[in-house]
Structures are given as structure tokens and as C-alpha cells.
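Q: What would the 3D arrangement of this be:
(one chain, ligands or ions: 1)
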Amino acid sequence: MTTSLPSPYSGLIIGAAPPDRGRGTIDVFDPSSGKLLSSVPDGTVDDGLAAVDAAAEAFGSWRATGPRKRAEILRRCWELMTERKDEIAGLISSENGKTLADALGEVTYAAEFFRWYSEEAVRAVGQLGTSPNGTNRIMVSYEPIGVAVLITPWNFPAAMATRKIAPALAAGCPVVLKPASETPLTSYLIARICAEAGVPDGVINVVTTSRSGEVVRAMLHDPRVRSLSFTGSTEVGRALLHEAADTVLKSSMELGGNAPFIVLDDAVPDEVVDGLMIAKMRNGGQACTAANRVYVHRSLVGKVSRLLADRFADLTIGPGTDPATECGPLINDRAVDKVASLVDSAVAAGARVLVGGERPGREGAFYTPTVLVDVPPQADIVREEVFGPVASIIAFDSDDEVVRAANATHLGLAAYVYTSDLRRGLRMADRIEAGMVAVNRGLLSDPAAPFGGVKESGLGREGGFEGMLEFMESKYIATSW
Ligand code: NAP
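A: Next up, the predicted model:
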């Protein structure tokens, strides 16, 4: 599979404005080699505000475009992304490092948001009711909220963008997308594909910048911006909520996770390990839904950890763009340092390394797939998001004990439960404080389902019909006849 990098790179996407080459650039590196891949414009505050201008100008005609027409354009976005999936996957793999298999999976998932919301666009129906005293008719309609600022992370450069763009466009809102500086190329490619599919100028604007704080602050304080949709760390999300308070901005936050993966005593070890390979190793562990703490009933710890260690030891490490690779690099050297320090401190606190626990002797941001057992429940690696290929196994004895441990965190995005007894699994799902629980599955993301977290993992939902409501306001009209 070849990688197609936009070259020479042609500039920010702001309305119909011609490419502007007069500013600095942000370099984009291949994490598997550290080599320069490409560079993108380093947008300024003025660029951010120009993008808001373009979006605000496009709003009137986009909201007036019939839902059927908007739906047809979104469906064309899905078709074009699907036709060009190898090209997009190659680009994701190059700038993010994930394996081609993971990148292709991401493109399918990302494109599906366009198909799903093309189907939802025509179903934004209102309500008509009668007030309890019978004197008044209650009419409720849904209106597009206005210009939306979208901020995305580097770990799913395609899917995190389309999960926001598709519902916003379906609702009738124009957007300004600010992608992560590590992986901006995919966003630009997707925006260009959307333009080919018929999305009018100004409806999708893309601004890359190394001054995220400054540029985003200026946009959020522009009164024409009415919605903020952020995916990233809890720390940055919290800071953005403070900013959003100034203009009382409708905010959707998809933040960090610390997913427990719970293996009950009646689970089937081979199925558990198949699920763990996905829940832990998709994207090399760099997913907000990644299994971060693996709680295994004491009776199964030996079997599950041995099977998992064998699978991890067999993984082929290499550049994501090599079709033979099963575990790519992390996003950068800082990420490797963080994972190494979490593993080292867990080992110092008493954890044992079954496999991995080191940096392989090769260039690039690699860390060896690692299985730790006897991990102390208070270790930092259990309390913090690892964001790397490390499975920390902790033994437990009773369902009550593991529920308490799973819930002992300020985060609550995803959780996983494995059991042979579905009723037991569903009862446990009820007790776990998370926005999403997978029972006997290692993958839960689905464009048709509401994705999001409780506690400090976020506000609002993306995907499903709920994802579109994030970009709409209800309007109640009181009348009687
Ligand atoms: P991050 O550091 O919070 O960055 C996310 C985005 O915010 C990037 O575009 C970044 O731009 C931008 N940003 C950083 N500081 C900002 C500021 N002061 N004002 C405005 N924007 C700012 O997160 P990350 O390291 O890219 O992503 C990893 C995190 O995302 C993990 O915690 C993961 O769990 C979370 N995540 C959550 C979900 C979910 O759906 N809940 C999905 C994926 C990832 P620059 O790149 O230019 O700094």
C-alpha cells in the first residue's frame, strides 16, 4: 500500500480563500522513524477568526439547504472516503504510526459517520403536544445551533474529525476544525474529499496551529461561535470549559478514560484474550477506550496472563505502513518516556514483567508490548491513562470487590466485562460507573451508538441520534387554536 502525502502542501482551508503560503509551518513527523513527512501552515489568531467569518457566512445557506440535499452530500462523503480508503489509511499510518489494519478499520469507522448522519439528517423531527391544563399547544422544533468549533486529538485523526463533522453538517451547522498538530494531514485530506463530495465552501474550515490555546480562545470568544466539541485530554477539556463559560457556549467533551477490563471466574480464557488483544492493543494501546486495568479473577490469573503474554510476544513490531506490522510506534518519544516511567514505577512497587518492559533497540517511538502481573492496585499505572501497549493484570476475589475497584476513579468512559453468564455480565454493567460497557466484546465503538463518558470523562455524546442533538437547539413555541 502506498502513502500519498499532499505535496506540495496547499494551505489552510478557510472558505473559498486561495492557499496562503505566507506564514510559518508545523512539521509533521513519521513516528516510526522520526523523519520529516510534510509540513502544514501554522495558523494565527487572524486565521482562526477568518475561519469563523467563513463559517458564519456559510451558515445561512447551509441551514437553508434542504435536509435531503445535505443528506445526499454526506452520503457522497461516505462513498468517496470508502473509495479512497487505502489512500486515507496510508496517510493515517504515516503520520500516526498505527498499523495499516488499524488505519483501515479507522477509515471504515470514520466514513460510516457520514453514512449514518446522512440517514439521520432527514429525521430531525420536532414534537407537538398539549399542555397539562389543555389551554396551550406545545410545539417544539430543532434548529441548527450555529458555527461549531471542533478540536480533535492525534490518536484517531480521521474518526475523531468525522464523528463531529458529520452530525454538525447533518444538523445544518458549519464548522471550524482544529486538528492535533501531530496528525493534521488526515484532516486536510478529509476536508478536501468532503469538498469534492459537494460540501460548499465555508461549511468545513480547517485551521492548524501550534498556538492552540491562543487561537482557540479567540474563536471561542467570538459571539458567532455557538458550539464547542472537543476530544482530548481531561486536563485540556477542563481548561476549555472555563473558556466556554465566558460566552455560555454549548460544549461537548470527549475526554480521557481509565477503562477497567473485568474477567469474572466463569469467563472463557481464549475469548478473554481475543477481546483483550482488541481492547488493549488497537492503536498500540493509544485509545481513550483502551483497557487500562485488567482485573482477572484470582482463579484465572495464571491462565489468562500466560495466554496474553504469548500473544504479545508474537506481535511483529515495525512501522505502521509495513503490512507485516502488528504493533506500530507510539505517537512520539515523549509518549514512550511516559509509558516506560509508568512501567518502571510499577515494577519498583512490586509488579512482575511477564513479557516486554523495555524499548526495542531500533529507531522510532517504539515500546515493546508488555504484560505485567501482581500490579499493586495503587500503582500509578492503574490510576493513570497508560496510552501504550501495556496490560496491567490485577487479581480479585469477589464481584463486589472488583466493582468497587473499577469505580474508584474520577474517570468513567468505557469498561469491559467477560463472563459466560450474560445476566451476571449485565448486572455488573449496571453497577459500573462508565458511559459505555462492553459485555463479552473487546470493541464498543459504533457510529449508531452514543459514545461518551461520565464523571470527568466528558459531557455529551457523539454518534447515534444523540450526536446530532449536540449541534441543535430545541425551540418551543406556545400557541393555542
Ligand atoms: P490533548 O493534548 O488534550 O490535545 C487534544 C487537542 O486539543 C489537540 O488538537 C491539541 O492541539 C488541542 N489543544 C491542546 N491544548 C489546547 C488548548 N490550551 N486550547 C485549545 N486546544 C488545545 O490530547 P491528545 O494528547 O491529543 O489526545 C489524547 C487524549 O485524548 C487522551 O486523554 C484520550 O483519552 C483522549 N481521547 C478521548 C476520546 C474520547 O472520545 N473520549 C477519544 C480520543 C482521545 P495540539 O495538538 O496543537 O496541541
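Q: now stretch 225-245: mean pLDDT?
A: Averaged across stretch 225-245, the pLDDT comes to 98.
Q: Next, see if it gets close to the ligand.
A: Yes. Shown here: stretch 225-245 in contact with the ligand (CB under 6 Å from any ligand atom) through 231-233, 236, 239-240. From N, CA and C alone the C-beta is placed, and that goes for glycine too.
Q: Any of those buried? List them.
A: 231-232, 236, 240 (16 or more other CB atoms under 10 Å).
Q: I'd like those residues laid out as TSV, including distance to Met472 and secondary structure.
A: As requested, those are exported to TSV (distance: CB to CB, whole Å; DSSP: H, G, I helix; E, B strand; the rest coil):
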residue	distance to Met472	secondary structure
Thr231	19	strand
Gly232	23	coil
Val236	25	helix
Leu240	21	helix
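Q: what residues are up against Ala429?
A: Counting by CB atoms under 8 Å, 6 or more residues apart in numbering, Ala429 touches 415, 417, 437, 439.
Q: got JSON lines for the residues of stretch 225-245 next to the ligand, with distance to Asp400 too?
A: Output for the residues of stretch 225-245 next to the ligand, formatted as JSON lines (distance: CB to CB, whole Å):
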{"residue": "Thr231", "distance to Asp400": "34"}
{"residue": "Gly232", "distance to Asp400": "34"}
{"residue": "Ser233", "distance to Asp400": "32"}
{"residue": "Val236", "distance to Asp400": "35"}
{"residue": "Ala239", "distance to Asp400": "37"}
{"residue": "Leu240", "distance to Asp400": "37"}
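Q: Residue numbers of the protein in contact with the ligand?
A: Contact residues, the chain versus the ligand (CB under 6 Å from any ligand atom): 151-156, 160, 178-182, 212-213, 216, 231-233, 236, 239-240, 254-257, 288, 385, 413, 453, 458.
Q: Spell out for me the PyMOL command that would select the buried members of the residues you listed.
A: In PyMOL syntax, the buried subset of those is picked out as below (16+ other CB under 10 Å):
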select buried, resi 151+152+153+154+155+156+160+178+179+180+181+182+212+216+231+232+236+240+254+255+256+257+288+385+413+453+458
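Q: Which of the residues of the chain next to the ligand fall within strands?
A: By the criterion of DSSP state E, membership of the residues of the chain next to the ligand in strands covers 151, 178, 231, 254, 458.
Q: Now the two most distant members of those residues.
A: Spatially, the most separated pair among those is Lys178 and Gly458, at 18.1 Å (CB to CB).
Q: was I right about Thr247 contacting Pro223?
A: Yes. Look at Thr247 against Pro223 with CB atoms under 8 Å: they come within range, at 6.4 Å.
Q: Please identify which of these two sits among more neighbours.
A: Just comparing Thr247 and Pro223: by other CB atoms under 10 Å the higher neighbour count belongs to Thr247, 14 against 11.
Q: May I have the residues that are in contact with the more buried one?
A: By CB under 8 Å, 6+ apart, the contact list for Thr247 reads 220-221, 223, 225.
Q: do the same with Pro184
A: Shown in contact with Pro184 (CB under 8 Å, 6+ apart): 26, 28, 40, 95, 157, 206, 208.
Q: Which of those residues sits closest to Ala324?
A: Distance to Ala324 across the contacts of Pro184 (CB to CB) is lowest for Glu95, with 19.8 Å.
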